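1. coords please:
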Amino acid sequence: MRQPHTPPLTTPKAAEYLSVRPGTLEVWRTQGKGPRFVRLGRAVRYRCKDLDEFLERNLMAHTSEV
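-> Numbering: from 1, shown residues only. A predicted model of the protein is given here:
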């Protein structure tokens, strides 16, 4: 069974999803540090799947892992 389609999120909505500021996502994009994103012309969008994967990649058990 196919999952219902979730539309991609704008930068402000993706930032809210991750509990960061939109400017943080913009900086991460330029540095290649943040979650994967889609560029549609000049528009930038984030898939929830990519935001969840980003969170998983950055999951840590204690501060010495940084």
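
2. can we go C-alpha only for contacts and neighbour counts from here?
-> Fine.

3. for this structure, which segments are assigned as helices?
-> Along the chain, the stretches classed as helices by DSSP state H are 11-18, 22-31, 48-57.

4. most packed of those?
-> For these, the stretch with the most neighbours on average is helix 11-18, a mean of 16; neighbours defined as mean count of other CA atoms under 10 Å.

5. returning to that earlier point: quick one: closest of the helices of the chain to Arg42.
-> Shortest separation from Arg42 across the helices of the chain is recorded for helix 11-18, at 12.3 Å, computed as CA to CA.

6. what does the closest one contact?
-> In this structure, residues lying in contact with helix 11-18 by CA atoms under 8 Å, 6 or more residues apart in numbering are Arg21, Pro22, Thr24, Leu25, Glu26, Val44, Arg45, Tyr46, Cys48, Leu51.

7. if we go to 10 Å?
-> 8-10, 19-26, 35, 37, 43-48, 51-52, 54-55 (CA atoms under 10 Å, 6 or more residues apart in numbering).

8. do the same with stretch 28-48
-> Surrounding stretch 28-48, the residues in contact under the criterion CA under 10 Å, 6+ apart are 6-15, 17, 22-27, 49-55, 57.

9. change it to 6 Å
-> Applying CA atoms under 6 Å, 6 or more residues apart in numbering, the set of residues contacting stretch 28-48 from outside is Pro8, Leu9, Thr10, Asp50, Leu51, Phe54.

10. the residues you listed: which two are farthest apart?
-> Using CA to CA, the pair of the contacts of stretch 28-48 lying farthest apart is Thr10 and Phe54, separated by 16.2 Å.

11. start to end distance for stretch 37-56?
-> Terminal residues of stretch 37-56 are spaced 16 Å apart (CA to CA, to the nearest Å).

12. check stretch 29-47 too.
-> Terminal residues of stretch 29-47 are spaced 14 Å apart (CA to CA).

13. give the buried residues for that stretch.
-> Within stretch 29-47, the residues that count as buried by 16 or more other CA atoms under 10 Å are Gly34, Pro35, Arg36, Phe37, Arg45, Tyr46, Arg47.

14. still on that earlier bit, how about the contacts of stretch 28-48 in CSV, adding distance to His62 and pLDDT?
-> Output for those, formatted as CSV (distance: CA to CA, whole Å; pLDDT from 0 to 100):
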residue, distance to His62, pLDDT
Pro8, 32, 95
Leu9, 30, 97
Thr10, 31, 97
Asp50, 24, 97
Leu51, 21, 97
Phe54, 18, 97
